[in-house]
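K.L.:
here is my input, please return the structure:
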Amino acid sequence: MAISDIQKQYIVGLTVGLFNGAPGANFLREFSNLIEGGMSFEELADFLVATPQFQQDILKGNVTVAHQTEVLLKNFGLTPGNTDPASADAQAEKFITDSFNAGRDIGDIVIEAGLYLLGNPAPEFADTANLFKNKILVAEIYSRENSDDNVTDLQAILAGVTAAGPATDADAVAYLESIGIGGNPGETFAFTVNQDNLIGTVGNDTFIAAAAQDGTGNLINTLQSVDTVDGGAGIDTLKFTDVDGSTVTPVMSNVEIVEARFTSSGAIDLSNADGVTEVRVLGSTSYGEVSGVGTAGKFVIGNDKAGNEVDFYGGTATALDITFNGYGNTNPDDETQGAVWFNDNAVESATVNLNNSNVELHFHNEENLKSMSVNATGTNIFDTVDEGDEFIETLTVTGAGSVDFDDNDWEALKTLTADTATGNLTNIHVGAAAVSVTLGSGNDEITYDAAPAATAVVNLGAGDDKLVLTAAPAAGVTLTGGDGKDTISLTSAIAADIGLLSEEELAKITGFEVLSISDALTGGDPYDVSNLAGVTDFVAEDGVVTGETATVKVASNSTVTLAGNLGTNNGALVVDVKDAATTDATANVVLNSSGSGSIGVDLTANDVETLNLTASSTATNGSSYNVTLTDDALVALNIGGDQIVNFASDADMAKLATINASGNTAGVNIDVSAATATAAAITVTGSAGDDTILGSGNADTISGGAGNDTITGGAKADTLAGGEGNDIFAYTALADSTLVNLDVISDFKANTFGNGTNGAVNETGAAADATKWTGDVIDLSVVNTGGFDKIDVSVQANSSDAQTFLQNLGQATTDTIGAALDSSTGRVLIDVDSNGTADMVIQLTGVTTIDEAAFIINIPV
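P.N.:
So this is what the prediction gives:
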């Protein structure tokens, strides 16, 4: 018997998912025999996870959920810490983390993930699925005839595989041939601690220079300067591990690929090596140096999240192909940038392949380097230093991966072409020489550090892109935002200069929807988005200068964002909506401070009926906004975002009818007590956080929403609802709720945790520790002017009996608040001054029982 092709695919896929490597012929045969013998794939997965190779080489010391999640993400070409919840990175991280927390085994998680990628995954997982399938393809073809028992070597087989390929059998064979493995398998030779003279065959031979022990048990290199190697025909590979920090200069001929792993700051000198075309540095744990690289033009650096530095010297190739695969760490929580140097070489052009890497690439003394191509998969940070960005004139970027160019200064760059790139390209900096810029379909960001020339043509392509100008462009420049919501960022002075351009010149600046001002706004002439055709929204990146009032002119339903440190630049902002005086107008205002703490916001929205206010923050500890709003026409205020908002209406807001904070998650403090008797009835809806809401002297409708809210309805007959959480319904005057002006609390769920032992109910009311409450409470502490410290609560069958209870209590005591619930109507009658008559009546809809724990009498909360 034999296993099926599908079973074989699953075995290889399981190996790729767990080890990020090929199984090789020997292991594939062993695993196949286990499946053929009746072992399930779940059992095989558990078997593999328990092996020393997985525990020591893959998990290493990673024992926490977070670290093991990171290991599995890396195996699938994904990066932890992505803050975009819709990204493949974030979705996969959540799935793996949740699975671990649910007690699932690593093997089960990898099996489910692999089957998902081999099925019909969501579009955002297209690159991940293609990478996984391509790795399986290459691993399967490799494992037909080739074997290795070293995990690092088996991982190296897949080091150059990307989402783009190899994707066909032919491409996979060609790829394996290119790394010295293919249809011409040779033999494996091992170096010893003695002098070696190794001669290869006509096949693709592998020469292993692993570490060994000397006579005293110390690890030493087996590759020594006295060794000689002749690879013979075929594409031959030397695999060298440095453990003693020495420099070795072996004599080699006909060895095309040199693969080094440095663990002790060692070096290999290839000046006596003839025929080397490719150099790899994989899985290093310390600094490494490769000198005398000669005509070698292909370099692969990877499997090193610590980003240990690698230096290359003595190259004569004019064109380099450099691949970084899992080099450095892009995880925001553990970001590590590796450094790779090419020194004193003869490079004129370079192709850089990035796959989930964070690299600082140095080209030292490479004045002839004029052209670079970057192909990206996964998430990457890429910085070029020295002549790497000083002399390059042509840059091409391709691939589906994202690249943060780390504020590279491409001062000599003339042409940037990235029209086929689909990942996000950010932190790109160019100078005045850049006259041709074409970006792709990602959300890209590019900055001109000097004025764009009149002949410059910039097209940001699709996606939500941003163009930053630090100097006014020359008249005649062509700037195109393209599809998506694109931003042009200017200083106030540059914006004024652009406003002076002719109509014909302004017509060449198109496709932008957002005007962003990078310096703090000032008073004087208004900032008018209509100066640029198509612009609707406005961003103040650094707030408003303190003590000044800035005016922004926009159309109805536009968005104005106030950003920067709003605690420092806290001047007033006026949002002037076009035609607002004659038509119903809507304005959207976003607060997004980089400063933390309590921040005052002085905002005027002239003649705006609907204001949508979103509170966000880039500060580590968040921001709390105290909003002072001037808008006599305001009818509806909607509050969203994830930061606290404090807002009090003023007496001139006579039309204000609705405040809705249901889109806010942090909590709001709303005060509409300034409303006059002739003002509109107000409906207030709280947030998902803990809110404090103070009603007006009119009949209000107030709903707290989720969270533990404090609601004060005020005078007149109010309709109140606490929503989820343990809410406080506070009363500050006896007249706030009476038979004539009856408050209705529609969802009162009475607290039952009192101040007695283990929460027993007693005459002192609700527990002083609000965290122990089991429901809502009515706060009488303000109206309890007698300072009584006792309350007696009774449930009666009707109103008459409830009044009788209060009368009897008033005759029996002079220092006890009385509360009697009429269970037939849900009305609770309250005698605050202990005189036997009801001072207040509150309707508790649906409530048929209540006790002392449902009241605060004089205990501060």
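K.L.:
all contacts plus neighbour counts: C-alpha atoms, from now on.
P.N.:
Fine.
K.L.:
next helix or strand past the worst-scoring helix or strand of the chain on mean pLDDT?
P.N.:
Least confident helix or strand, the chain: helix 387-390 with a mean of 60, by mean pLDDT, DSSP states H and E. Counting by DSSP states H and E, the element after helix 387-390 in chain order, helix or strand, is strand 394-398.
K.L.:
now the helix or strand just after that following strand: buried residues?
P.N.:
With elements assigned by DSSP H and E, the helix or strand that comes after strand 394-398 is strand 402-410. Within strand 402-410, the residues that count as buried by 16 or more other Cα atoms under 10 Å are S402, V403, D404, F405, D406, D407, N408, D409, W410.
K.L.:
V202 contacts A233, correct?
P.N.:
Yes: in this structure, V202 is within contact of A233 by Cα atoms under 8 Å, at 4.3 Å.
K.L.:
rewinding a little: and of the buried residues of strand 402-410, the nearest to G663?
P.N.:
Nearest to G663 among those: S402, at 31.3 Å, using Cα to Cα.
K.L.:
what's near enough to touch the closest one?
P.N.:
A376, T377, G378, T379, N380, T422, G423, N424, L425 (Cα atoms under 8 Å, 6 or more residues apart in numbering).
K.L.:
need those in CSV with secondary structure, can you?
P.N.:
Below are these laid out as CSV (DSSP: H, G, I helix; E, B strand; the rest coil):
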residue, secondary structure
A376, strand
T377, strand
G378, coil
T379, strand
N380, strand
T422, coil
G423, coil
N424, coil
L425, strand
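K.L.:
for the residues you listed, work out which two are farthest apart.
P.N.:
Longest distance between any two of the contacts of S402 is 13.5 Å, between N380 and T422; criterion Cα to Cα.
K.L.:
ok, those two, which is more surrounded?
P.N.:
Taking neighbours as other Cα atoms under 10 Å, N380 and T422 compare with N380 leading, 29 against 23.
K.L.:
now that one: how far from D404?
P.N.:
According to Cα to Cα, to the nearest Å, N380 and D404 sit 6 Å apart.
K.L.:
okay, the contacts of S402 in CSV with distance to A433 next?
P.N.:
Formatted as CSV, those follow (distance: Cα to Cα, whole Å):
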residue, distance to A433
A376, 25
T377, 28
G378, 30
T379, 29
N380, 26
T422, 25
G423, 25
N424, 23
L425, 20
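K.L.:
just the buried ones from the residues you listed?
P.N.:
The neighbour count (16+ other Cα under 10 Å) marks A376, T377, G378, T379, N380, T422, G423, N424, L425 as buried among the contacts of S402.
K.L.:
OK, contacts around the fifth one?
P.N.:
By that I understand N380. N380 sits next to T330, L354, N355, N356, S357, N358, G401, S402, V403, D404 when contact means Cα under 8 Å, 6+ apart.
K.L.:
what is the nearest of those to T316?
P.N.:
Nearest to T316, judged by Cα to Cα, of the contacts of N380 is L354 at 23.2 Å.
K.L.:
L154 and L282, how far apart?
P.N.:
L154 is 11 Å from L282, where distance means Cα to Cα.
K.L.:
sketch out the low-pLDDT regions of the stretch 51-200 of the chain for me.
P.N.:
Regions of the stretch 51-200 of the chain meeting the criterion pLDDT under 70 cover residues 182-185.
K.L.:
quick one, helices of it?
P.N.:
Listed in chain order, the helices of the stretch 51-200 of the chain (DSSP state H, counting those that start in this stretch) span 52, 65-75, 88-101, 106-118, 126-142, 151-156, 169-178.
K.L.:
highest mean neighbour count out of those?
P.N.:
Highest mean neighbour count of the helices of the stretch 51-200 of the chain: helix 126-142, a mean of 24 (counted as mean count of other Cα atoms under 10 Å).
K.L.:
report all helices and strands that it contacts.
P.N.:
Applying 3 or more Cα pairs under 8 Å, 6 or more residues apart in numbering; DSSP states H and E, we find helix 126-142 packed against helix 5-19, helix 24-36, helix 106-118, helix 169-178.
K.L.:
next helix or strand past the helix or strand containing F729?
P.N.:
Assigned by DSSP H and E, F729 belongs to strand 728-730. Next along the chain after strand 728-730, taking DSSP H and E as the criterion, comes strand 743-745.
K.L.:
and that next one, which strands flank it?
P.N.:
Using DSSP bridges, the strands paired with strand 743-745 are strand 719-721 (parallel), strand 840-844 (parallel).
K.L.:
where's the following helix or strand past it relative to the chain centroid, distance-wise?
P.N.:
Once the chain leaves strand 743-745, the next helix or strand it forms, by DSSP H and E, is strand 777-779. In terms of Cα atoms, centre = their mean, to the nearest Å, the gap separating the centre of strand 777-779 from the centre of its chain is 41 Å.
K.L.:
what's the average pLDDT for the following helix or strand past strand 777-779?
P.N.:
Past strand 777-779, further along toward the C-terminus, the next helix or strand under DSSP H and E is strand 791-796. The pLDDT scores in strand 791-796 average 98.
K.L.:
using PDB, write out every CA atom in strand 791-796.
P.N.:
Extracted in PDB, the C-alpha atoms of strand 791-796 (Å, rounded to 0.1, in the frame of the first residue of the first chain):
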ATOM      1  CA  ILE A 791     -33.500  53.900  55.800                       C
ATOM      2  CA  ASP A 792     -36.500  51.500  56.200                       C
ATOM      3  CA  VAL A 793     -37.900  50.000  53.000                       C
ATOM      4  CA  SER A 794     -41.100  48.100  52.700                       C
ATOM      5  CA  VAL A 795     -43.000  46.500  49.800                       C
ATOM      6  CA  GLN A 796     -46.700  47.000  49.900                       C
END
